[in-house]
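In: turn this into a model:
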Amino acid sequence: MRTNKMLGLPITGNYMPEKGIRSTYSQSPVQILMFDDHGLISTGTAFFYSLNNEWFLVTNWHNISGKNFITKDPISGSRFPTYIKAKISAYINDTNGFVPIAQRVEIYKDYQPAWYQHPILGSDCDVIAIPMERPHSCPEYMHNAVNLISSMRIPVKPGNSAFIIGFPKSLSIGFGLPLWKSGYIASEPHYPVKIGGEVSEIGGLKNGKELPAFYIDSQTREGMSGSPVFASYTGNWDLTDPYQAVNPDEKNFWNRNDIALGENRMEFVGCYSGRIGSMEDGAALGLCWTVETINEICNSKSIGDHPHVVQAQP
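Out: Residues are numbered from 1 along each chain as shown. Okay, the predicted model is just below:
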(Lines give C-alpha, C1' and ligand atoms only; values in the text may rest on other atoms or scores of the structure.)
Protein backbone atom coordinates (compact mmCIF):
# COMPACT_ATOMS: atom_id res chain seq x y z
CA MET A 1 0.00 0.00 0.00
CA ARG A 2 1.34 3.44 -0.94
CA THR A 3 1.61 5.92 1.91
CA ASN A 4 1.69 9.66 2.18
CA LYS A 5 5.29 10.20 3.32
CA MET A 6 4.54 13.55 4.91
CA LEU A 7 1.87 12.17 7.24
CA GLY A 8 2.43 8.44 7.33
CA LEU A 9 -1.14 8.00 6.08
CA PRO A 10 -2.17 5.28 3.67
CA ILE A 11 -3.49 6.80 0.46
CA THR A 12 -6.87 5.19 1.09
CA GLY A 13 -7.06 6.69 4.56
CA ASN A 14 -8.41 3.43 5.98
CA TYR A 15 -6.72 3.59 9.36
CA MET A 16 -5.79 6.07 12.07
CA PRO A 17 -2.02 6.45 12.30
CA GLU A 18 -0.21 7.37 15.48
CA LYS A 19 1.95 9.84 13.58
CA GLY A 20 -0.59 11.49 11.34
CA ILE A 21 -4.10 12.91 11.30
CA ARG A 22 -6.06 11.14 14.03
CA SER A 23 -9.55 12.43 13.22
CA THR A 24 -11.29 12.58 9.87
CA TYR A 25 -13.21 15.58 11.19
CA SER A 26 -9.95 17.56 11.22
CA GLN A 27 -9.78 16.99 7.48
CA SER A 28 -13.15 18.58 6.70
CA PRO A 29 -12.73 22.40 7.05
CA VAL A 30 -11.21 24.64 4.38
CA GLN A 31 -9.57 27.94 5.28
CA ILE A 32 -10.72 30.75 3.01
CA LEU A 33 -9.04 34.08 2.33
CA MET A 34 -11.07 37.11 1.25
CA PHE A 35 -9.46 39.50 -1.26
CA ASP A 36 -10.12 42.74 -3.10
CA ASP A 37 -7.89 44.48 -5.65
CA HIS A 38 -5.67 45.76 -2.83
CA GLY A 39 -4.98 42.36 -1.30
CA LEU A 40 -6.07 40.25 1.66
CA ILE A 41 -8.99 41.59 3.71
CA SER A 42 -9.78 38.80 6.16
CA THR A 43 -9.89 35.05 6.66
CA GLY A 44 -12.65 32.60 7.45
CA THR A 45 -13.66 28.96 7.23
CA ALA A 46 -15.70 26.91 4.76
CA PHE A 47 -16.48 23.26 4.12
CA PHE A 48 -17.65 20.99 1.33
CA TYR A 49 -21.24 19.74 1.35
CA SER A 50 -22.77 17.15 -0.97
CA LEU A 51 -26.40 16.95 -2.03
CA ASN A 52 -27.95 15.01 -4.93
CA ASN A 53 -24.47 14.09 -6.18
CA GLU A 54 -23.47 17.76 -6.42
CA TRP A 55 -20.80 19.42 -4.30
CA PHE A 56 -20.89 22.89 -2.77
CA LEU A 57 -18.46 25.03 -0.82
CA VAL A 58 -20.46 26.37 2.13
CA THR A 59 -19.56 29.40 4.23
CA ASN A 60 -21.14 32.53 5.72
CA TRP A 61 -22.77 35.31 3.71
CA HIS A 62 -20.83 37.90 5.67
CA ASN A 63 -17.54 36.30 4.59
CA ILE A 64 -18.17 36.86 0.89
CA SER A 65 -20.14 40.12 1.18
CA GLY A 66 -18.01 41.88 3.78
CA LYS A 67 -21.22 42.99 5.52
CA ASN A 68 -23.03 42.16 8.73
CA PHE A 69 -25.95 39.97 7.68
CA ILE A 70 -28.33 41.58 10.18
CA THR A 71 -27.53 45.29 9.83
CA LYS A 72 -25.88 45.11 6.37
CA ASP A 73 -23.17 47.44 7.73
CA PRO A 74 -19.62 47.02 6.36
CA ILE A 75 -17.33 44.85 8.46
CA SER A 76 -13.96 46.09 7.14
CA GLY A 77 -14.64 49.72 6.34
CA SER A 78 -14.79 50.39 2.61
CA ARG A 79 -13.22 47.09 1.58
CA PHE A 80 -15.34 44.25 0.22
CA PRO A 81 -14.26 40.87 -1.19
CA THR A 82 -14.23 40.55 -4.97
CA TYR A 83 -12.93 36.97 -4.88
CA ILE A 84 -11.79 34.41 -2.36
CA LYS A 85 -9.07 31.81 -2.19
CA ALA A 86 -9.73 28.40 -0.68
CA LYS A 87 -6.76 26.57 0.83
CA ILE A 88 -7.39 23.06 -0.47
CA SER A 89 -4.90 20.26 -0.01
CA ALA A 90 -3.19 19.16 -3.21
CA TYR A 91 -0.45 16.69 -4.02
CA ILE A 92 2.96 18.13 -4.83
CA ASN A 93 4.41 14.71 -5.60
CA ASP A 94 4.68 11.30 -3.96
CA THR A 95 7.90 12.33 -2.22
CA ASN A 96 6.75 15.54 -0.60
CA GLY A 97 3.15 14.53 -0.04
CA PHE A 98 0.61 17.34 -0.12
CA VAL A 99 0.00 20.78 1.34
CA PRO A 100 -2.96 23.18 1.33
CA ILE A 101 -2.63 25.56 -1.60
CA ALA A 102 -4.75 28.69 -1.92
CA GLN A 103 -6.87 28.32 -5.05
CA ARG A 104 -8.86 31.22 -6.44
CA VAL A 105 -12.64 30.82 -6.26
CA GLU A 106 -14.75 33.35 -8.14
CA ILE A 107 -17.69 34.71 -6.17
CA TYR A 108 -18.92 36.85 -9.06
CA LYS A 109 -19.54 35.91 -12.68
CA ASP A 110 -20.28 38.70 -15.14
CA TYR A 111 -20.66 41.00 -12.12
CA GLN A 112 -23.39 38.81 -10.67
CA PRO A 113 -23.09 36.64 -7.53
CA ALA A 114 -21.91 33.11 -8.24
CA TRP A 115 -23.30 31.73 -4.98
CA TYR A 116 -26.68 30.41 -3.86
CA GLN A 117 -28.60 31.99 -1.01
CA HIS A 118 -31.60 30.91 1.05
CA PRO A 119 -34.69 30.96 -1.19
CA ILE A 120 -36.84 32.83 1.34
CA LEU A 121 -34.52 34.65 3.74
CA GLY A 122 -31.96 35.67 1.12
CA SER A 123 -29.15 37.65 2.69
CA ASP A 124 -30.92 37.54 6.06
CA CYS A 125 -29.56 34.01 6.27
CA ASP A 126 -25.83 34.04 6.98
CA VAL A 127 -25.13 30.92 4.91
CA ILE A 128 -24.33 30.64 1.20
CA ALA A 129 -23.26 27.78 -1.05
CA ILE A 130 -20.90 28.05 -4.00
CA PRO A 131 -21.27 25.25 -6.56
CA MET A 132 -17.82 23.69 -6.57
CA GLU A 133 -16.49 20.17 -6.95
CA ARG A 134 -13.58 19.04 -4.82
CA PRO A 135 -10.52 19.47 -7.09
CA HIS A 136 -9.02 16.30 -8.57
CA SER A 137 -5.65 17.31 -7.12
CA CYS A 138 -7.10 16.95 -3.61
CA PRO A 139 -6.51 13.55 -1.94
CA GLU A 140 -9.73 11.58 -1.64
CA TYR A 141 -9.55 11.49 2.16
CA MET A 142 -9.05 15.26 2.57
CA HIS A 143 -11.87 17.81 2.71
CA ASN A 144 -14.59 15.21 2.45
CA ALA A 145 -18.14 16.56 2.42
CA VAL A 146 -19.14 17.03 6.06
CA ASN A 147 -22.44 15.21 5.59
CA LEU A 148 -20.70 12.18 4.09
CA ILE A 149 -18.26 11.55 6.93
CA SER A 150 -20.82 9.52 8.87
CA SER A 151 -24.43 8.53 8.31
CA MET A 152 -25.01 7.70 11.97
CA ARG A 153 -27.48 9.96 13.76
CA ILE A 154 -27.20 10.75 17.46
CA PRO A 155 -29.53 12.44 19.96
CA VAL A 156 -28.84 16.15 19.42
CA LYS A 157 -30.01 17.87 22.59
CA PRO A 158 -29.36 21.01 24.65
CA GLY A 159 -26.23 20.45 26.71
CA ASN A 160 -24.56 18.25 24.10
CA SER A 161 -20.92 19.00 23.52
CA ALA A 162 -20.39 20.77 20.21
CA PHE A 163 -17.15 21.16 18.30
CA ILE A 164 -16.59 24.07 15.96
CA ILE A 165 -13.66 23.20 13.72
CA GLY A 166 -11.97 26.06 11.91
CA PHE A 167 -9.24 28.65 11.92
CA PRO A 168 -9.54 31.11 14.87
CA LYS A 169 -7.47 34.25 14.39
CA SER A 170 -6.21 32.62 11.14
CA LEU A 171 -4.37 29.98 13.19
CA SER A 172 -3.62 26.50 11.90
CA ILE A 173 -1.23 23.75 12.96
CA GLY A 174 1.07 21.34 11.20
CA PHE A 175 0.75 21.57 7.44
CA GLY A 176 -2.47 23.64 7.70
CA LEU A 177 -4.88 21.71 9.90
CA PRO A 178 -7.70 23.49 11.77
CA LEU A 179 -8.30 23.91 15.49
CA TRP A 180 -11.19 22.52 17.49
CA LYS A 181 -13.12 24.94 19.71
CA SER A 182 -15.50 23.25 22.12
CA GLY A 183 -18.82 24.47 23.40
CA TYR A 184 -22.35 23.34 24.14
CA ILE A 185 -25.66 23.38 22.33
CA ALA A 186 -27.31 26.19 24.25
CA SER A 187 -30.90 26.11 22.97
CA GLU A 188 -33.50 23.59 21.84
CA PRO A 189 -32.24 22.77 18.31
CA HIS A 190 -35.70 22.21 16.80
CA TYR A 191 -36.85 25.76 17.55
CA PRO A 192 -35.61 28.85 15.66
CA VAL A 193 -33.91 31.73 17.45
CA LYS A 194 -35.24 35.27 17.43
CA ILE A 195 -32.78 38.13 16.99
CA GLY A 196 -33.60 41.60 18.25
CA GLY A 197 -36.70 40.46 20.09
CA GLU A 198 -38.27 42.13 23.10
CA VAL A 199 -39.51 40.75 26.39
CA SER A 200 -43.14 39.67 26.18
CA GLU A 201 -45.64 38.77 28.88
CA ILE A 202 -47.03 36.02 26.65
CA GLY A 203 -44.92 33.35 25.00
CA GLY A 204 -41.32 34.04 24.09
CA LEU A 205 -39.76 37.19 22.69
CA LYS A 206 -41.94 39.42 20.54
CA ASN A 207 -40.98 41.18 17.32
CA GLY A 208 -37.41 40.58 16.18
CA LYS A 209 -36.27 38.36 13.32
CA GLU A 210 -36.75 34.60 13.40
CA LEU A 211 -33.85 32.54 12.04
CA PRO A 212 -33.53 28.79 11.34
CA ALA A 213 -30.62 28.31 13.71
CA PHE A 214 -29.88 27.42 17.32
CA TYR A 215 -27.45 28.85 19.84
CA ILE A 216 -23.99 27.53 20.59
CA ASP A 217 -22.28 28.54 23.84
CA SER A 218 -18.59 28.87 22.97
CA GLN A 219 -15.75 31.38 23.08
CA THR A 220 -15.02 31.43 19.37
CA ARG A 221 -12.86 33.98 17.56
CA GLU A 222 -12.62 35.72 14.19
CA GLY A 223 -11.68 33.37 11.40
CA MET A 224 -14.08 30.64 12.51
CA SER A 225 -17.06 32.08 10.64
CA GLY A 226 -18.34 29.39 8.30
CA SER A 227 -16.96 26.48 10.32
CA PRO A 228 -18.72 23.11 10.36
CA VAL A 229 -20.28 22.21 13.70
CA PHE A 230 -20.39 18.65 15.00
CA ALA A 231 -22.44 17.58 18.01
CA SER A 232 -21.11 14.82 20.25
CA TYR A 233 -23.04 12.29 22.30
CA THR A 234 -21.98 9.48 24.63
CA GLY A 235 -24.42 6.85 25.86
CA ASN A 236 -27.13 4.51 24.60
CA TRP A 237 -29.59 5.28 21.82
CA ASP A 238 -31.76 3.82 19.08
CA LEU A 239 -29.89 3.99 15.76
CA THR A 240 -33.09 4.13 13.71
CA ASP A 241 -34.68 6.86 15.83
CA PRO A 242 -32.21 8.57 18.19
CA TYR A 243 -35.07 10.24 20.08
CA GLN A 244 -36.88 7.00 20.84
CA ALA A 245 -36.51 5.92 24.48
CA VAL A 246 -34.21 2.94 25.00
CA ASN A 247 -35.46 0.30 27.45
CA PRO A 248 -32.99 -2.50 28.29
CA ASP A 249 -35.81 -4.39 30.02
CA GLU A 250 -37.93 -4.82 26.91
CA LYS A 251 -38.22 -8.26 25.35
CA ASN A 252 -35.37 -9.19 22.97
CA PHE A 253 -33.59 -5.91 23.70
CA TRP A 254 -30.17 -7.58 23.88
CA ASN A 255 -30.74 -9.28 20.54
CA ARG A 256 -31.33 -6.01 18.70
CA ASN A 257 -28.64 -4.76 16.31
CA ASP A 258 -30.00 -1.21 16.03
CA ILE A 259 -28.96 0.02 19.48
CA ALA A 260 -25.76 1.90 20.32
CA LEU A 261 -24.52 0.95 23.77
CA GLY A 262 -21.94 3.13 25.51
CA GLU A 263 -20.92 4.68 22.20
CA ASN A 264 -19.35 8.08 21.61
CA ARG A 265 -20.22 9.48 18.18
CA MET A 266 -20.49 12.79 16.37
CA GLU A 267 -22.99 14.17 13.88
CA PHE A 268 -22.73 17.18 11.58
CA VAL A 269 -25.36 19.67 12.76
CA GLY A 270 -24.75 22.90 10.87
CA CYS A 271 -22.72 25.95 9.90
CA TYR A 272 -21.32 28.30 12.54
CA SER A 273 -21.95 31.99 12.16
CA GLY A 274 -20.30 33.62 15.16
CA ARG A 275 -21.71 36.02 17.71
CA ILE A 276 -24.14 38.43 16.14
CA GLY A 277 -25.10 41.26 18.49
CA SER A 278 -24.54 42.93 21.83
CA MET A 279 -26.93 40.66 23.72
CA GLU A 280 -25.59 37.46 22.16
CA ASP A 281 -21.99 38.63 22.35
CA GLY A 282 -22.28 39.38 26.04
CA ALA A 283 -23.73 35.93 26.62
CA ALA A 284 -20.98 34.30 24.50
CA LEU A 285 -23.62 32.90 22.15
CA GLY A 286 -23.14 32.18 18.47
CA LEU A 287 -25.44 30.76 15.81
CA CYS A 288 -25.42 27.32 14.28
CA TRP A 289 -27.49 27.31 11.08
CA THR A 290 -29.24 23.99 10.71
CA VAL A 291 -28.57 21.21 8.20
CA GLU A 292 -32.09 21.73 6.85
CA THR A 293 -31.17 25.34 6.05
CA ILE A 294 -28.11 24.22 4.09
CA ASN A 295 -30.23 21.65 2.22
CA GLU A 296 -32.77 24.33 1.29
CA ILE A 297 -30.02 26.54 -0.13
CA CYS A 298 -28.40 23.77 -2.15
CA ASN A 299 -31.72 22.41 -3.39
CA SER A 300 -33.20 25.73 -4.44
CA LYS A 301 -30.10 27.04 -6.24
CA SER A 302 -31.44 30.54 -5.73
CA ILE A 303 -28.81 32.95 -7.07
CA GLY A 304 -27.64 35.39 -4.41
CA ASP A 305 -28.68 39.03 -4.45
CA HIS A 306 -25.77 41.36 -5.13
CA PRO A 307 -24.72 42.72 -1.70
CA HIS A 308 -23.50 46.02 -3.17
CA VAL A 309 -26.28 46.79 -5.63
CA VAL A 310 -29.64 48.14 -4.52
CA GLN A 311 -32.31 45.65 -5.53
CA ALA A 312 -35.25 46.97 -7.53
CA GLN A 313 -38.53 46.75 -5.65
CA PRO A 314 -41.29 44.71 -7.34
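
In: lowest average confidence, helix or strand, in the chain?
Out: strand 9-10 (a mean of 38; mean pLDDT, DSSP states H and E).

In: pLDDT below threshold where in this protein?
Out: Scanning the chain for pLDDT under 70 picks out 1-16, 93-96, 275-284, 311-314.

In: strand partners (parallel or antiparallel) of the longest strand along the chain?
Out: Secondary structure of the chain read by DSSP state E shows that its longest strand is strand 259-274. The strands that strand 259-274 pairs with in its sheet are strand 228-238 (antiparallel), strand 285-290 (antiparallel) (by DSSP bridges).

In: could I get the full set of helices for the chain?
Out: Using DSSP state H, the helices found in the chain span residues 61-65, 278-282, 291-300.

In: surely residue 258 is in contact with residue 239?
Out: Yes - in this structure, residue 258 is within contact of residue 239 by CB atoms under 8 Å, at 4.6 Å. Just so you know, the C-beta spots here come from the backbone N, C-alpha and C atoms, and that holds for glycine as well.

In: looking only at neighbour counts, state which of those two leads.
Out: residue 239 (16 against 10; other CB atoms under 10 Å).

In: touching, the more buried one and residue 151? I think so.
Out: No - taking contacts as CB under 8 Å, residue 239 lies outside contact range of residue 151: 10.1 Å.

In: what's the overlap in contacts for the two?
Out: Between them, residue 239 and residue 151 share no contacting residue under CB atoms under 8 Å, 6 or more residues apart in numbering.

In: what sits against residue 68?
Out: By CB under 8 Å, 6+ apart, the residues touching residue 68 are 62, 74-75.

In: so how far is residue 273 from it?
Out: As defined by CB to CB, to the nearest Å, residue 68 lies at a distance of 11 Å from residue 273.

In: cool, residue 149 as well?
Out: 21 Å.

In: mind listing what residue 106 touches?
Out: 83, 114.

In: again, but for residue 213
Out: 192-193, 270, 273, 287-290, 293.

In: the same query, at a cut-off of 7 Å, please.
Out: 192-193, 287-290 (CB atoms under 7 Å, 6 or more residues apart in numbering).

In: go through those and name the one nearest residue 20.
Out: Of all these, residue 20 sits closest to residue 288, with 29.3 Å by CB to CB.

In: if I pick that closest one, what's in contact with it?
Out: Contacts of residue 288 (CB under 7 Å, 6+ apart): 213-214, 216, 229, 269-270, 272.

In: number of residues surrounding the residue nearest to it when sequence neighbours are not counted?
Out: Nearest non-adjacent residue to residue 288, counting by CB to CB, 6 or more residues apart in numbering: residue 270, 4.2 Å away. Counted with other CB under 10 Å, residues neighbouring residue 270 total 28.

In: kindly report the same for residue 38.
Out: Residue 38: 8 surrounding residues under other CB under 10 Å.

In: now it, nearest residue through space, not along the chain?
Out: Distances taken as CB to CB, 6+ apart put residue 79 closest to residue 38, at 7.0 Å, once the chain neighbours are dropped.

In: same thing with residue 30?
Out: residue 46 (4.7 Å).

In: hang on, that neighbour packs against residue 56?
Out: No - contact criterion CB atoms under 7 Å: residue 46 and residue 56 do not qualify, at 9.7 Å.

In: neighbour count: these two, which is higher?
Out: residue 46 (32 against 24).

In: which stretches of the stretch 101-250 of the chain form strands?
Out: 108-109, 112-113, 116-117, 128-131, 161-166, 179-185, 193-195, 209-211, 213-217, 228-238 (DSSP state E, counting those that start in this stretch).
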